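Visitor: Please find the sequence and the predicted model below.
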Number of protein chains: 2
Amino acid sequence: MSASWIDGVAWNADGLVPAVAQDAKSGEVLMLAWMNREALAKTAETGEAVYWSRSRRSLWKKGETSGHVQRVVEIRLDCDADTVLLRVESVAGIACHTGRRRCFFNRLEGAGDERRWVQTDPVLADPSTFRDG
Amino acid sequence: MSASWIDGVAWNADGLVPAVAQDAKSGEVLMLAWMNREALAKTAETGEAVYWSRSRRSLWKKGETSGHVQRVVEIRLDCDADTVLLRVESVAGIACHTGRRRCFFNRLEGAGDERRWVQTDPVLADPSTFRDG
């Protein structure tokens, strides 16, 4: 955990950085979650995405209960070293805890006062059967 | 600014959300920046990306000095309503303040103690000629 590449990350005041997960094949942006040092180290070591759950205040191995594991193809860091990009294989094709392919299923539609968020993606798995997306 | 679609966003304690910008054509993830209510409202109204600069504590019209404007193709919101995804046309083909196509130009390479961040993308524009990426 004292590895210099981890020290190269600009952790925020809470010791976290946002991590964007992108489907390596389709290019689709799947989700944004957070990582602490341990989550990033485990992600690099195991080759499967591990995040930090801010609500549960614990490490969160993606797919632990759902099987919706993310195999890591590539880990990238941005110019300010304060955001991680994971290019992943979304093993079950589901990244969202709602049972959808991706978390970004709300699209802004309309104009002016008529703008509203419209859900665009189908639910592919029953979210009552897993806890962690 | 009291529009209900903006109230549908789960602004954090600082009144911000992260916004991921993705190239609408190539699918490449370009950058992550932050938005407040005004930035998101202006982005929707003008069809060009406006962010909130946390360092300057001011609205930041992307490309204002550089010309590296991002035309917004689509605005999406995630399942928890706390992250925005912009699909954009990156007008000049440069999103990063370092003059690169995207901000995620550092790739983690190697294994174990040999891991390190390696820069992978060329600098396409002289960053001394603009302030805002």
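Guide: Arrived safely. All values derive from a computational prediction rather than experimental measurement.

Visitor: Please count neighbours and contacts with C-alpha atoms only from this point.
Guide: OK.

Visitor: Quick one: name the residues of chain A near chain B.
Guide: For chain A, the contact set with chain B under C-alpha under 8 Å from any C-alpha of the partner chain comprises A:3-5, A:27-29, A:31-32, A:45, A:74-79, A:83-85, A:96, A:98, A:103-108, A:112-113, A:115-117.

Visitor: so how far is stretch A:3-18 off the chain centroid?
Guide: Distance, stretch centre to chain centre, for stretch A:3-18: 17 Å (C-alpha atoms, centre = their mean, to the nearest Å).

Visitor: for stretch A:42-54, that is, sorry about that
Guide: Centre to centre, stretch against its chain (C-alpha atoms, centre = their mean), the figure for stretch A:42-54 is 10 Å.

Visitor: Tell me which residues are up against it.
Guide: A:33-36, A:39-40, A:58-62, A:69-73, A:75, B:112 (C-alpha atoms under 8 Å, 6 or more residues apart in numbering or on different chains).

Visitor: So for it, what gets flagged as buried?
Guide: Within stretch A:42-54, the residues that count as buried by 16 or more other C-alpha atoms under 10 Å in any protein chain shown are A:42-44, A:47-53.

Visitor: Let me know the closest of the residues you listed to B:D121.
Guide: A:A44 (21.5 Å; C-alpha to C-alpha).

Visitor: Excluding covalently adjacent residues, which one is nearest to A:Q22?
Guide: Excluding the flanking residues, the one nearest A:Q22 by C-alpha to C-alpha, 6 or more residues apart in numbering or on different chains is A:V29, at 4.4 Å.

Visitor: ok, the one you found - how many residues close by?
Guide: Using other C-alpha atoms under 10 Å in any protein chain shown, A:V29 is surrounded by 26 other residues.

Visitor: Thanks a lot, catch you later.
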